[in-house]
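Asker: Structure, please.
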Amino acid sequence: MRLRDVSPGDVDAYVRMRCDPVMMTDLGGPLPREGVADKVARDVRQAAADAAWIKMIVPDPDRPRVVAGTVTIWSHDTGDGPLSEIGWMVLPEFQGRGLGKRAVRALLEQARDQDRWGVVHAFPAIGNAASNGVCRSVGFRLRGESEVDFAGRVIRANHWAIDPRTIGHR
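Answerer: Below you'll find the predicted structure:
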């Protein structure tokens, strides 16, 4: 597995992740296809400016066009100041192989190695057992439940946090 920056050619992968009812069950349902290309373009600009780490999960480096999902770290302002957040999605045909866990760990190791982002928070939906399991297995600490905004929708989530400096070297 390897991670690569999002590119303009990733629109189809975004559509498969964000517009699919099954993929979006815990996130308030599918998003409309309109606007996905604009979202990819914004993400490409953010990644190029190093304002966010927006990575595509490539399960087989010998087949770089095959994408299993995405993992992202970004910072946003809250009422209490800036907060670094990580989120990920893995397409159904790649789920259950540990790719999400490996991708999350790899990005957190990069944050550790570059001493960037500080404490990183994750907010998987309470009902998303797989994503909550990733948090648990990577070493996040559960801080409680929270209501969070995802694409203009409020979802009930578990609030996890980790200091990437606590992740051991490979």
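Asker: burial measure for the closest residue to Gly28 other than its chain neighbours, as a count.
Answerer: With CB to CB, 6 or more residues apart in numbering as the criterion, Gly28 has its nearest non-adjacent residue at 3.5 Å, and that residue is Arg153. C-beta coordinates here come from the backbone N, C-alpha and C atoms, glycine included. Residue crowding around Arg153 was assessed by other CB atoms under 10 Å; the count is 12.
Asker: With Leu83 instead?
Answerer: The criterion is other CB under 10 Å. On that basis, Leu83 has 17 neighbouring residues.
Asker: Is it in a helix, a strand, or coil?
Answerer: strand (DSSP: H, G, I helix; E, B strand; the rest coil).
Asker: That one contacts Ser75, correct?
Answerer: Yes: counting by CB atoms under 8 Å, Leu83 does reach Ser75; the two are 6.7 Å apart.
Asker: one step back: got a list of what the residue nearest to Gly28 touches?
Answerer: Neighbouring residues of Arg153 by CB atoms under 8 Å, 6 or more residues apart in numbering: 27-29.
Asker: beta partners of it?
Answerer: Taking DSSP bridges as the rule, Arg153 bridges to Phe150.
Asker: In three-state terms, label the residue sitting furthest away from the middle of the chain for me.
Answerer: Relative to the mean C-alpha coordinate of the chain, counting by CA atoms, centre = their mean, the farthest residue is Asp62 (23.1 Å). State at Asp62, reduced to three classes by three-state DSSP: coil.
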